[in-house]
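>>> turn this into a model:
(2 chains, ligands or ions: 2)
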Amino acid sequence: MHKGDLTWLIGGPQGGGIDTSGLVFARYANRCGLRVFSNIEYHSNIMGEHSYYRVRIASKDRHSILDQVNVVVALDEETLIGDPHADFTSFKGHLQELVPSGVAVYDSAGKFKPSEATRSDITLLGVPLMDLLKEALRGIGREGDANRLRIMTNTIALGASVFAMGGDIELFAQVYRDDFKGARAELGEMNALAANAGYEYAAQQLGGRSPFDMKAIEAAVSNGHATGPSLLIRGMHACAFGKLKAGLHIQTYYPISPATDESVYLEANQRDQNLLVVQCEDEIASIQMAVGAANAGARSSTSTSGPGFALMVEGIGYASLTEVPGPVVFLWQRGGPSTGLPTRQDQGDLRFALHPAQGDFPHILVAPADPQQIFDDSFEAFNWADRYQMPVVVLVDKYLSTQSASLDELKMENLVIDRGSRYRSNGRANGAGDEYLRFAFTENGVSPRSFPGEEGGIFWSTSDEHDPRGHITEDAENRILMMEKRMGKLDLAASEIPGGRKISVYGPADADVTLVGWGSVKGSVLDAIELLAEEDGVRASFVQIRLLKPFPVEEVTAALSNAKRLILVENNYTGQLGGLVREMTGIHIPQKVLKYDGRPFSEEELVEGLRKALATGDARVHVSHLSA
Amino acid sequence: MIAEQKPLTYKDYSTPVHINWCPACGDFGIVTAIQKALAKLQIPPHRVAMFSGIGCSGKTPHYINAYGFHTLHGRVVPNASGGRLANRDLTVIAVGGDGDGYGIGSGYFVNAGRRNLNFTYLVFDNGVYGLTKGQAAPTLARGMKTKSMPEPAIQDSLNPIALAIGSGYTFVARGYALDQSGDVLANLIAEAIQHEGSSFVDILQTCPTYNDLMTVKWFNEKPQGNSRLYQLTEEGYEGVVKDVSNPDEIIAKKAQAVGKSYEWGDRVPLGIFYQARLRTYEEELEGRLPNYGTAPLIDWDVAHRDVSKLLGALR
Ligand SMILES: Cc1ncc(C[n+]2csc(CCOP(=O)(O)OP(=O)(O)O)c2C)c(N)n1
Ligand SMILES: [Mg+2]
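Ligands and ions are numbered 1, 2, ... in the order given. Take a look at the predicted model:
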């Protein structure tokens, strides 16, 4: 584990304000100039089930979570010791994850009794949350509001945890003041008061000494970062920004975890951003409406996860056959198959997204691995859709959607919108002069398209095989030409998409071992590589395969064929990328480190898995620390 | 170039594409009626977008000179909706079969009514799945057995008119594909197109190849001396809501339409069952998106968005 990093965690019943509180702490740390990496885990449930938010803070950028926790804020008993009444559970509470001398902040008036803790090397900091809140409110003559404002007991607990972390309570309180402005400024002040009360109480109980020192990490933050607070950005934000910048006209969606956040974020901002967001009756309608809009000249997109994507597949095939420019489909993976693990992490949809319809057809599949890549691919996906007239699927996942990390800036330079090849009749009526053929055979396979409404641009399109006019034909020669036209556009895309968008290589060129992966494992892999070098003297590199269709055969072959040793890392059961690499390049990756418990790789898990793979040479290593 | 002033005729909406429907198919009558309706309204072909599902009926756009999108089985309505949302200057007409609209596409048929987007949906109701050779469609009644079916239907038929009313369509009508004058259906379709909001017309269509029950002969019969097919207006039926601010009138007219829609057998009513000029989806969107009323979505300036405020909120 990276020494010196700290993890703060808040857990409690869903609906109890975990998300809000976690974000407040993460933003506080981020504003202090610390480098933050945070993530939330939650159940498919509205109220009551265990949810938790962890915030890792470091002096350098980190890209993964740690199992190990320094301070836990427990809003219920289960957070500390698990649910003793659950029939089948491997979760025994976050107390187990505390480092020696770690601190657990909990409500001393709640169910948890210190005698239930099985450890003596940690500090149990019981805080009378409600009493402290009443007292704090009494000071401003508002004691009577304590019950109505009981959610602020969370703030008391957070204040106590700030002391345990060795943080700065004034900076922490400022987050609330900034959040509640204008008519709600009073709430900001009350929260600041509550935070201070918790902080003071903890200081008293811990004898004025914090076991951890956030401020020391702050002092060690390496230079070179932007002055002023950096962004704390989630993958779903990056996706939305990419779409907005790309000139998205219409987003359609049907609610589903973990994809909904993105669409709702766009919906919440549609007025200011001049964007139409439509909530549809299901995912079939979502994609078909997006196709209809794209055919009419709009840039359109939709977002979903596995179950919804399963309904969308006919739309992908239809859009591909009829050479619709789009839509752009964001597939936020979760644990499958079927309804599976609705709110949990998995990378099991790669094979599905590679060929999501019947027949041979072109589409583009890309898997960005961090917010900047998500932004870049989200933006470029629309250009690809317009340029190659085919749907584009962007494969992301729950972990990428909910993780947020400090980022100095989201780079948005040199963004060029390319609407592709367009037919303009210049007022010529249909039938006057050369006939417009929507699916004309051209040198590169792309036929200029007209937007409905344009005089002289009338065309037909059909989900049946068709002639250049767009009318149905079953003619054999036409079929051959049309197949070659459509599939040839994939070669065109492969030849035009820059290498930097296809794969990324990290680490030394002459590494002892080369790790191969895609999507969200990148973060954990980068952190693990650093540790292996520091602690084990192992020089590892990482090849991230980002463009999955058209597959970058040459680039991947070049990157892998001279590697001394190859290990695949995937967050799924079968190691789907390994099969694809072998199919496309003939290169067999002899070892895999896999995780398929519905959670992302923590830094410790991946390092453990890699060490085991390196030591044993086992073809298949599976890791899980059974986190909540 | 000097714009031609010659009025458009229905021939301006035809294409040279070979029509491969069976001889005497009721669909011929519907295509002609659509072309006549467009000519009547003088809508230039390039301003019309025809969408269709899959089936014999689904081939319609290929035979009409207008932007034509022959989509997937059951998916015509969301495709048409997307086209309309993207460009509200287009006259959007969706067509499809009874299997397409009431079977595989029933969810979209229903939900489009709730939206009340300004488009027209014409369903070619022949009681069978034509293109797959005559299996029972959702409008074939229990106990019926066409010559193409090995066994009679053992499910009830659904009632498209009642379903459309319940779904919220604001123009609900029934037509007949082969009316003698050839203009009754065209006029009905023209009214549907002109109606602001979601218009739905169930068009009784003969399938001479597979449906030997609802034949031209059957439709033209006079069971009790009265012709089977008759126009609602002949009976003085009034389906149009006069005062749309009066919810009681709306409910009463809906109830009347649903009641009337169960008349079937010796007497089969045609025409407008219900019509109300209610708030459209486009009008709702104007309230949400100030630009929606001023220019088609595809013409908005979306290429220069400023997201700095949104980014600022993430610091
Ligand atoms: C998803 C899917 N399932 C089945 C079919 C096969 N299919 C083609 S047309 C059709 C039925 C057409 O009946 P209807 O919608 O009533 O149209 P009609 O041919 O009678 O005009 C079916 C089932 C298909 N094309 N797609
Ligand atoms: Mg039919």
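
>>> which residues touch residue 108?
Picked chain A for this. A:Ser108 makes contact with A:126-129 under the criterion CB atoms under 8 Å, 6 or more residues apart in numbering or on different chains. C-beta here means a position set from N, CA and C on the backbone, and glycine is covered the same way.

>>> sorry, I should have been clearer: chain B.
Taking CB under 8 Å, 6+ apart, one finds A:281, A:284-285, A:288, B:74-78 in contact with B:Tyr108.

>>> circling back to that earlier point, wait, which of the contacts of A:Ser108 is closest to B:Lys253?
Comparing these against B:Lys253 with CB to CB places A:Leu129 closest, at 59.4 Å.

>>> list the strands paired with the helix or strand containing A:Ile233, with their directions.
Assigned by DSSP states H and E, A:Ile233 falls within strand A:231-234. The pairing partners recorded for strand A:231-234 under DSSP bridges are strand A:404-407 (antiparallel).

>>> and the gap between B:Val241 and A:Asp83?
Per CB to CB, to the nearest Å, B:Val241 is found 57 Å from A:Asp83.

>>> and these two? Which one has more around it.
More crowded of B:Val241 and A:Asp83, by other CB atoms under 10 Å in any protein chain shown: B:Val241, with 20 against 16.

>>> wait, the more buried one touches B:Lys253, no?
Yes - B:Val241 lies in contact with B:Lys253 (CB atoms under 8 Å); the separation is 5.1 Å.

>>> and B:Leu204, how close does it get to A:Arg546?
Taking CB to CB, one finds B:Leu204 at 55 Å from A:Arg546.

>>> an error on my part: the question was meant for B:Val95.
Counting by CB to CB, the gap from B:Val95 to A:Arg546 is 43 Å.

>>> these two: which is more packed in?
B:Val95 (31 against 22).

>>> and the helix or strand encompassing that one with chain A, contact?
In this assignment (DSSP H and E), B:Val95 forms part of strand B:91-97. No - counting by CB under 8 Å from any CB of the partner chain, chain A is not contacted by strand B:91-97; separation bottoms out at 9.0 Å.

>>> would you give the sheet partners of that strand, along with the direction of each?
Sheet pairing of strand B:91-97 (DSSP bridges) gives strand B:48-52 (parallel), strand B:119-125 (parallel).

>>> with mean neighbour count added, can I get these in CSV?
Output for the strands paired with strand B:91-97, formatted as CSV (neighbours: other CB atoms under 10 Å in any protein chain shown):
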stretch, mean neighbour count
strand B:48-52, 29
strand B:119-125, 29
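
>>> tabulate those strands (TSV), appending mean pLDDT and distance to ligand 2.
Output for these, formatted as TSV (pLDDT from 0 to 100; distance: least, CB to the ion, whole Å):
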stretch	mean pLDDT	distance to ligand 2
strand B:48-52	98	13
strand B:119-125	99	6
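
>>> for these, which one sits closest to A:Arg501?
Across these, closest to A:Arg501 is strand B:48-52 (CB to CB), at 34.8 Å.

>>> does that closest one reach ligand 1?
No - counting by CB under 6 Å from any ligand atom, ligand 1 is not contacted by strand B:48-52; separation bottoms out at 9.5 Å.

>>> who's in contact with that strand?
A:292, A:296, A:452, B:38, B:58-61, B:64, B:66-71, B:76, B:79-80, B:83-84, B:87, B:90-96.

>>> now with 6 Å?
Counting by CB atoms under 6 Å, 6 or more residues apart in numbering or on different chains, strand B:48-52 makes contact with A:452, B:58, B:60-61, B:64, B:66-70, B:76, B:79-80, B:83, B:90-96, all of which sit outside it.

>>> pull the number of nearby residues for A:Leu437.
Counted with other CB under 10 Å, residues neighbouring A:Leu437 total 16.
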